[in-house]
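A.B. asks: Return atomic coordinates for the entry below.
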Amino acid sequence: MKVFSAEDIFDLTKKIKSKNENIDVFSGTGNDKKVVVRKGLKIRHKPSGLIYTVLKIIIPEDESGPKILCRRPGRELLIPKSEFKNYERQ
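C.D. replies: Numbering: from 1, shown residues only. As a prediction, the model looks like this:
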C-alpha cells in the first residue's frame, strides 16, 4: 500500500484540475454527504442485468484511471473506468 504525503496529494489534485476531471468518492455536501462507491455496494451491468458486489476500488499509480474489482458467484471482474457507464447502483 502506498502512503501519500501532503505533497503527493497536492500534486494529484493539480493533475486532476489541469485535466478538468472530477473524482469524487462522495456525493452531496454537509449532512447530505453520501459514499458513492465502496466495498459491498451492489452494481448492475445495464446490458445484461447481471449484479456484482464491489470488492475494492483500485487507483493505479499510472494515469490509466480507477478500476472497480467486483464479484458475482463464480466470477470476479475488473471494470476499467471506460466501462463505468455500463453499470449502475443496484
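
A.B. asks: Show me where this protein has its strands.
C.D. replies: In the chain, the segments counted as strands under DSSP state E are 26-27, 34-35, 42-45, 51-58, 67-72, 75-80, 87-89.

A.B. asks: among those strands, which is nearest D8?
C.D. replies: Checking the strands of the chain against D8 by CB to CB gives strand 51-58 as the closest, at 17.3 Å. Every residue, glycine included, has its C-beta placed from N, CA and C.

A.B. asks: low-scoring pLDDT stretches of the protein, where are they?
C.D. replies: 1, 10, 12-28, 33-36 (pLDDT under 70).

A.B. asks: related to what we said a few turns ago, could you dump the strands of the chain into CSV and include distance to E7 and mean neighbour count?
C.D. replies: Shown next, in CSV, are these (distance: least, CB to CB, whole Å; neighbours: other CB atoms under 10 Å):
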stretch, distance to E7, mean neighbour count
strand 26-27, 23, 11
strand 34-35, 27, 9
strand 42-45, 34, 16
strand 51-58, 23, 15
strand 67-72, 25, 17
strand 75-80, 28, 13
strand 87-89, 34, 13
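
A.B. asks: Right, I'll leave it there.
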